[in-house]
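Asks: Fold the following, please.
(2 chains)
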Amino acid sequence: MSRTAVLAALLALSGAAAAAGDLALPAPLGDADFPAHPMAEVELGQLLFWDAELSGNRNIACATCHHPRFGTSDGLSLGMGEGGIGLGPQRRVDPANAPEQRIPRNAPALWNVGANGFTVMFADGRIERDPTRATGFRTPLEDEMVSGFASLLSAQTMFPVLSPDEMAGHYHENEISALVRQGRITGPDGAWAGIAARIAAIPDYAQRFAAVYPEIAAGRQIGFTDISNAIAAYMTFDFRSDSAPFDAALRGETPLEGAAQTGAELFYGKAGCGTCHSGPLLSDMQFHAMGDPQIGPGKSERFEAHQRDIGRKRVSNRPEDAYAFRTPSLRNVTLTGPYGHAGAIADLRAYLRHHLSAGAGLQGYSVSQSVLPEMAVTKADFAPGDEASNFAAIAAAGAARSPMTLDEAEIDALMAFLASLEDPVARQGGHMGIPATVPSGLPVEQ
Amino acid sequence: MTHPGARRLWMALAAGQAIALPACAQAEDISFANRSADLPVQQSYEGGWNHFVGGGVAVLDCNDDGLPDFYAAGGSAPSRLMVNTSASGGAITFAQSDVPELTEVTGAYPLDIDGDGALDLAILRDGANAILRGTGACHFEPAPADWGFDGGAEWTTSFAATFEPGQDWPTLIFGNYVDHSNPNGPFETCDRNYVMRPEGRAFAPRTAIEPGFCALSMLVSDWQRNGTPDLRISNDRQYYVRNGREQMWRLNPLSEYTEAQGWPTMKLWGMGIASRDITGDGLPEVVLTSMGDQPLQINKGGGVMQNAPYAIGTYATTPYIGDDGRPSTGWHAQFGDIDNDGRDDLFIAKGNVDQMPSNAIHDPNNLLVQQRDGSFVEMGAITGVGTGERSRGAALADLNRDGLLDLLVINRRAPMEIWQNTTTGAGHWLAVDLRQPGANSRAVGAFVELRLPDGSVQTREITVGGGHASGQAVPQHFGLGNADTAQLRVIWPGGAASDWTLVPVGQTLRVSPAKGTSLTVEETLQ
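Replies: Below is the predicted model of the structure:
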């Protein structure tokens, strides 16, 4: 760093401190916050992320519901998984393979999911760092979980491929879905091995895996953990987002100004947002019941009649975790709508109002605030009654907090602050762009 | 067969004669001691996909010493016969005993097929089923060829039996799972089930029961108490997927109850059946184990089964201990009065199918203890029996003749468990061992009624089937609370009812039909 730059930084820092008063802004993100990966691994992961070969019916890729055009989400309240055609709000049912139900939760954005501080995956944290467990982490397979994944993000990547509604398909539609339905996941006859065998059978992938992982070059078979490790490397690199105006402020380079600065003062002050949306990732990686509307099928298996999503409780089994969801990172939040664990509210400003109401806003909720493509569903998209989504219980859980009243000018300011979290890199769709082709030859969702 | 000498004829007491018994404590303290490590060899249900289901245990007294023995299915691992070596009231111990070797066993049910008084074993397998004929002293041999038994070649996962009118030998019903031979499988390729009727002292060729929907539990029960037992089949939606249902069949001629006949369509991930009258009206309720909710259906009479309110406490939808909030997977279920307070309790074996991420991986077994108000409270954690292995079959039986029901649990990919009931302050009890001379020696199809001084009547149906791949042929255990006398009545197979007969409590009674409508009651010395 040149002397001039240091001086500028120091000036900026002091300026920020002066403007922010006693605001305790988080420390900035930097290289040390992200695992480093060779570009060959990142590029291999990119191809896999965009390749529908990983899905049972070869009709959906990770990128379909985590698309840079929609802020690494899908622009929908609740995604339409395998059996859908097209992207974002234009996604529609494939009449030849109609999805059985919507994905029960909003597709999370992937910004900075590779950061070391991202310790809780999924809205319910069913994959998370957990020092109380012998392995140091929790996954849905508990002690049946395989070894070989290099990071928590890699472990996370291993599960959407097993979901019949998301990627695997149903019953005997394909060899992967049949294994999943039977509960055969690990081992040489399991679903993960089945997907890995598909990838290994494509020469371009086989060569790339051998080039990236010496053990594979030495003769070890490609395992699904190799696939997930490469995808994790890709997501870490491509979806790293630390060049928003907010980051410049954290680094002391360019302080926030005007409404954004006022919004920051509210966010970290009176409105109390920063208590949970803390740290440079704007999440405490904890779980809170916020009174968000529940729409769609709920986190409910086919053998369950209800449409509830009790959030963290379904993982932790702790009554106090009912209807609590992990604090989402707000990185690029202006690009990642709709909002809430079920994506029930598409408009960020409207969501903000609801969010401040501590569950009271549920009474006036209308499903017209959501974005749900046409689809025949067996469970109504909107079913707030006790036997279904149970809005009363959600509201009661949310009411543990006090509602926050902000005037329009204050909401304007908060919106301006949230806009400062939008990274030009995210606006252009990440660092790498969309690959023109993938080794399977399957079409790439541009 | 010969009975041990330590048994004498008990003279019926005149009504009203008092029997002195120690007063029992009001607040019982339910507890169990883990005797699993005392087994001479670790017994575990093993294997691949074809042993994701099954894992049963048959409990029977094969040497007529008054102590229940057991035969445990091993799947791809050895299946074993364990002979009870416990002292009465002492620590529960077993010794391994030789038994003809069978592979790929999924479950077993005891019953006396040939009417020789010794219990035989119906062995369910992925492959040809087998009958092991008991010849006494816990010796078993393959059924003689002239029995005409056709074991088939299917993947069998459930069993039931009944003695039909005019027959000395039982009708055997084998319930099958996925049809391995169907290339379109495994989904929507549930195999047919088969019924095998006797023809004299042999079996006639078997008859298919169609359609089959992947039967994981079957029970023949006179559930309407109209003298005509029906066949209930609980089916696993995991494989029938769409067009299946819970089934009730008339046995003769075979015909399935329909919606038009008032049998509502119910779709279930059905795994096990427990049947017992818990409302005191003589009509058996059923628990149908499944994924998530474990429904309890109240028998309203007139062929109507109605789901109990959720508040009854038996639905056991999710684990009650541990940090896994996903839905449970239920298998064997069985009623029994754990603390002899006169109210039946419920044990449910739980465990993940194998690696199903939708369901709890560490899924504790349930010990649901019935309260005075008829609701049930979970005691699995307090007593220790709520272990989190992949449990499958199980049995409640008094294994050491102390009047308390003990517990056997078979686990997939983990050693089986033996839990000795060490409850203190339990109520009075009575066990009734029905015997008939000649055919159907265990009086399958009979109802035992026990009337307590307060006028309440406990009813037991002698059945073969239900649970999950697990059957028991042991004396019927009754908890009596504070009652120190009881009147016993038996409605024998065929419908003949005995007189109400005053019987002593605190022991096992062998009860047989006597002249007219009277009973012969033999006391089993311990």
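Asks: pLDDT on stretch A:318-333, on average?
Replies: Averaged across stretch A:318-333, pLDDT comes to 98.
Asks: can you check stretch A:338-354 too?
Replies: According to the model, stretch A:338-354 has a mean pLDDT of 98.
Asks: What parts of the stretch 101-250 of chain B come near chain A?
Replies: The stretch 101-250 of chain B comes close to chain A at residues B:184-188, B:237-238, B:241, as judged by Cβ under 8 Å from any Cβ of the partner chain. Where you see a C-beta, it was placed from the backbone N, CA and C, and this is true even at glycine.
Asks: Map the structural domains onto the sequence of chain A.
Replies: Structurally, chain A divides into domains by automatic domain parsing as follows: A:3-29+A:255-422, A:39-73+A:108-240.
Asks: hmm, back to that, select from the residues of the stretch 101-250 of chain B next to chain A the one having the most neighbours.
Replies: B:Gln238 (25 neighbours; other Cβ atoms under 10 Å in any protein chain shown).
Asks: Not counting residues beside it along the chain, what's closest to it?
Replies: B:Trp269 (5.8 Å; Cβ to Cβ, 6 or more residues apart in numbering or on different chains).
Asks: and that neighbour, what does it touch?
Replies: B:Trp269 makes contact with A:303, B:236-238, B:290-291, according to Cβ atoms under 8 Å, 6 or more residues apart in numbering or on different chains.
Asks: What is the neighbour count of residue 170?
Replies: This is for chain A. 21.
Asks: nope, chain B
Replies: Residues lying near B:Pro170 (other Cβ under 10 Å) number 28.
Asks: In this structure it contacts B:Phe149, no?
Replies: No. Contact criterion Cβ atoms under 8 Å: B:Pro170 and B:Phe149 do not qualify, at 11.6 Å.
Asks: quick revisit: got the residues of the stretch 101-250 of chain B next to chain A as JSON lines, with pLDDT and distance to A:Ser329 columns?
Replies: Listed next are these as JSON lines, based on pLDDT from 0 to 100; distance: Cβ to Cβ, whole Å:
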{"residue": "B:Asn184", "pLDDT": "91", "distance to A:Ser329": "46"}
{"residue": "B:Gly185", "pLDDT": "90", "distance to A:Ser329": "45"}
{"residue": "B:Pro186", "pLDDT": "94", "distance to A:Ser329": "42"}
{"residue": "B:Phe187", "pLDDT": "95", "distance to A:Ser329": "40"}
{"residue": "B:Glu188", "pLDDT": "95", "distance to A:Ser329": "43"}
{"residue": "B:Arg237", "pLDDT": "95", "distance to A:Ser329": "39"}
{"residue": "B:Gln238", "pLDDT": "93", "distance to A:Ser329": "37"}
{"residue": "B:Val241", "pLDDT": "92", "distance to A:Ser329": "39"}
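Asks: Closest one to chain A out of these, please.
Replies: Using Cβ to the nearest Cβ, B:Phe187 comes nearest to chain A of those, at 4.4 Å.
Asks: Confirm B:Ala208 sits in a helix?
Replies: No. Using DSSP: H, G, I helix; E, B strand; the rest coil, the assignment for B:Ala208 is strand, not a helix.
Asks: one step back: switch the contacts of B:Trp269 over to JSON lines; also include secondary structure.
Replies: Output for those, formatted as JSON lines (three-state DSSP):
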{"residue": "A:Phe303", "secondary structure": "coil"}
{"residue": "B:Asp236", "secondary structure": "strand"}
{"residue": "B:Arg237", "secondary structure": "helix"}
{"residue": "B:Gln238", "secondary structure": "helix"}
{"residue": "B:Ser290", "secondary structure": "coil"}
{"residue": "B:Met291", "secondary structure": "strand"}
